[in-house]
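Asker: Kindly return the folded structure for what I paste below:
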Amino acid sequence: MPESSLPVSFSLVGRVALVTGSTTGLGRSMAKALGQAGAKMALNYANNAQRAQEAFAEFQAAGLQGALFQADVTDEAQVQRMVAEIGSTLGPVDIMVLNATCDQPQKPIEEYDWAFYQRMVDFFIKSPVLLTKACVGHMKAQRWGRIINIGSEVVSRGVPNFTAYVAAKGGQNGFHRSLAGELAPHGITVNMIAPGWIPVERHEKDPQELKDGYRSLIPVNRWGIPSDLDGTVVYLASNASSFVTGQTLHVNGGMTVC
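Answerer: Just a heads-up that it's a prediction; the model follows:
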């Protein structure tokens, strides 16, 4: 494994990190960044095995350490199995990035049904709860841990026709803030990264007028790209952020200051 060139306070050498939904999009980029900082990486996927294998091959080609784990992170039994497999393969999870997501169509409230709301709740509240419960024992025992939720700017912006996603992300935000106070005495920090709209694979079919409208509002005058999150996730995963907990860091080119 290559030595990390980062300052010691940012180095993740000796740590095991899990990023859920890490074989595509933002998760793929963050997993690579954590691996480059020295962490042994547990890459997770749910369904697309071929895409996952391609992503992992790229990860290995970069000389990074880790392994690939399949699990639906909304299913308790699969979460328990995956965390046990990570422990036996790489070691117990020290750093957890809760990134897995699902499709997020924008619709008027009349067009949503409760099943869709439940899917949002499962991904953004149930999954973080299941994963935290599965990993927090080890973090408490060693009095060190990092839990990083991937939230969204939509909670601050109150995006219309997006109630299901915004409501679930709001719940995730409340979960991380409450958990931060609970776990702080144990040396575990809990923070959130709230990206703006960063087009990745799942946005390929989004209406162009929607993309154009959002792009015109970005103060830094460019689209965000997945690697824009890399420095933030490494910082929050490292010792450099040991006095930072319960916070939400917006990575959106200034969208939430306008």
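
Asker: ok, now how distant is the residue positioned nearest the centre of the chain from residue 184?
Answerer: Geometric centre of the chain, nearest residue: residue 99, 2.6 Å, by C-alpha atoms, centre = their mean. To residue 184, residue 99 is 23 Å away according to C-beta to C-beta, to the nearest Å. C-beta: built from backbone N, CA, C; applies to glycine.

Asker: Rounded mean pLDDT for the biggest helix by length in the chain, please.
Answerer: The single longest helix within the chain, with elements called by DSSP state H, is helix 163-183. Averaged over helix 163-183, pLDDT sits at 95.

Asker: Following element in sequence after that helix, please.
Answerer: Next helix or strand after helix 163-183 toward the C-terminus (DSSP states H and E): strand 188-195.

Asker: Which strands and helices lie in contact with the longest helix of the chain?
Answerer: For helix 163-183, the elements it packs on are helix 114-121, helix 127-142, strand 145-150, helix 154-157, strand 188-195, judged by 3 or more C-beta pairs under 8 Å, 6 or more residues apart in numbering; DSSP states H and E.

Asker: 6 Å instead, please
Answerer: helix 114-121, helix 154-157, strand 188-195 (3 or more C-beta pairs under 6 Å, 6 or more residues apart in numbering; DSSP states H and E).

Asker: Go through those and find the least confident stretch.
Answerer: Minimum mean pLDDT among the helices and strands packed on helix 163-183: helix 154-157, a mean of 84.

Asker: Buried residues, that helix. List them.
Answerer: 154-157 (16 or more other C-beta atoms under 10 Å).

Asker: chain center to that helix, what's the gap?
Answerer: 17 Å (C-alpha atoms, centre = their mean, to the nearest Å).

Asker: Please name the bridge partners of the closest residue to residue 228 other than its chain neighbours.
Answerer: Spatial nearest neighbour of residue 228, excluding adjacent residues (C-beta to C-beta, 6 or more residues apart in numbering): residue 251 at 5.8 Å. Assessed by DSSP bridges, residue 251 has beta-bridge partners residue 195.
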